[in-house]
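Novice: what would the 3D arrangement of this be:
(one chain, ligands or ions: 1)
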Amino acid sequence: MKTMKKLLALTLAVLFVLTAFAGCGGKSSGNKLIMATNASFPPYEYKEGDAIVGIDAEIAAEIAKKLGMELEIKDTEFDSIIGGVQSGKFSMGMAGMTVTEDRLQSVNFSDTYAKGVQVIIVKEDSTIAGPDDLGDVMIGVQQSTTGHIYASGDYGEDHVTPYKTGNDAVQALVAGKVAAVIIDNEPAKSYVESNPGLKILDTAYAEEDYAICVAKENTDLLEKINAALAELKADGTVDSIVSKYIPA
Ligand code: ARG
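Specialist: Purely as a prediction, here's the structure:
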């Protein structure tokens, strides 16, 4: 009888520990908001030491807080964000990502939280004065971005060299391997600031909306993100994050 009781107590203890662990594991993975980004795109996302900081990182942190989830940011190639979101590897993609008809075939987008403008960066002494002068030169872009898509469409694939990051494209411009870079305006400003001898042309190339992408079937998360974003816009949180990184 005594051994039976002991055995029962032991079994219960083992079961307790097992369920506690199972509960814990289930909770942490189910409660994680995994954001994919490409952290070479200041001021939206960039690295400060090991940390990924920037407008997107901070807005995502506020969204996660509202959803009661733990935010985990994963740095990845820009062109693997959408695939990873589709496959469920990431809960969402947030990377100064432009809403396009083409991308909407693969993922859903949240309401937009920022505007982007595609601009042209050239060397200070360049004779290129606007989009009309790009026909005969080599243009650097970040692989699979809208800058890449527009430049290939307007000037032809053989006038465009894609690079892994925006910064790589800018370094190619500095080194004289390309004559211009087409990229989003805020990263452009930041690249020009940190690389003397470059300038941004006045003529904007294209205007676009940034939003968060979520897998098509994950409509529940999309609704929650939109609800959180609406609150964060209404109470001024989004504006204050943006103006912290982009002084007016
Ligand atoms: N807005 C452009 C696009 O969606 C460029 C985004 C690049 N983002 C990044 N984090 N590298 O194609």
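
Novice: switch to C-alpha atoms for all contacts and neighbour counts from now on
Specialist: Will do.

Novice: give me the mean pLDDT for the strand ranked longest in the chain.
Specialist: Criterion DSSP state E: the longest strand present in the chain is strand 114-123. Confidence for strand 114-123, expressed as mean pLDDT, is 96.

Novice: kindly report the same for stretch 222-240.
Specialist: Averaging pLDDT along stretch 222-240 gives 98.

Novice: in PDB, could you pull the C-alpha coordinates for that stretch?
Specialist: Listed next in PDB are the C-alpha coordinates belonging to stretch 222-240 (Å, rounded to 0.1, in the frame of the first residue of the first chain):
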ATOM      1  CA  LEU A 222      -3.300  41.000 -39.800                       C
ATOM      2  CA  GLU A 223      -6.500  42.300 -38.100                       C
ATOM      3  CA  LYS A 224      -4.700  42.500 -34.800                       C
ATOM      4  CA  ILE A 225      -1.700  44.400 -36.400                       C
ATOM      5  CA  ASN A 226      -4.100  46.800 -38.100                       C
ATOM      6  CA  ALA A 227      -5.900  47.500 -34.800                       C
ATOM      7  CA  ALA A 228      -2.700  48.000 -33.000                       C
ATOM      8  CA  LEU A 229      -1.300  50.300 -35.700                       C
ATOM      9  CA  ALA A 230      -4.500  52.400 -35.700                       C
ATOM     10  CA  GLU A 231      -4.200  53.000 -32.000                       C
ATOM     11  CA  LEU A 232      -0.500  53.800 -32.300                       C
ATOM     12  CA  LYS A 233      -1.200  56.300 -35.100                       C
ATOM     13  CA  ALA A 234      -4.100  57.800 -33.100                       C
ATOM     14  CA  ASP A 235      -2.200  58.400 -29.900                       C
ATOM     15  CA  GLY A 236       0.900  59.800 -31.700                       C
ATOM     16  CA  THR A 237       3.200  56.900 -31.000                       C
ATOM     17  CA  VAL A 238       4.000  56.300 -34.700                       C
ATOM     18  CA  ASP A 239       4.700  60.000 -35.200                       C
ATOM     19  CA  SER A 240       7.000  60.300 -32.200                       C
END
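
Novice: residues in contact with that stretch?
Specialist: Ile59, Glu62, Ile63, Lys66, Leu67, Asn108, Phe109, Ser110, Asp111, Tyr113, Val214 (CA atoms under 8 Å, 6 or more residues apart in numbering).

Novice: how about those residues in JSON lines, adding distance to Glu45?
Specialist: Shown next, in JSON lines, are these (distance: CA to CA, whole Å):
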{"residue": "Ile59", "distance to Glu45": "11"}
{"residue": "Glu62", "distance to Glu45": "15"}
{"residue": "Ile63", "distance to Glu45": "16"}
{"residue": "Lys66", "distance to Glu45": "21"}
{"residue": "Leu67", "distance to Glu45": "21"}
{"residue": "Asn108", "distance to Glu45": "21"}
{"residue": "Phe109", "distance to Glu45": "19"}
{"residue": "Ser110", "distance to Glu45": "18"}
{"residue": "Asp111", "distance to Glu45": "19"}
{"residue": "Tyr113", "distance to Glu45": "14"}
{"residue": "Val214", "distance to Glu45": "18"}
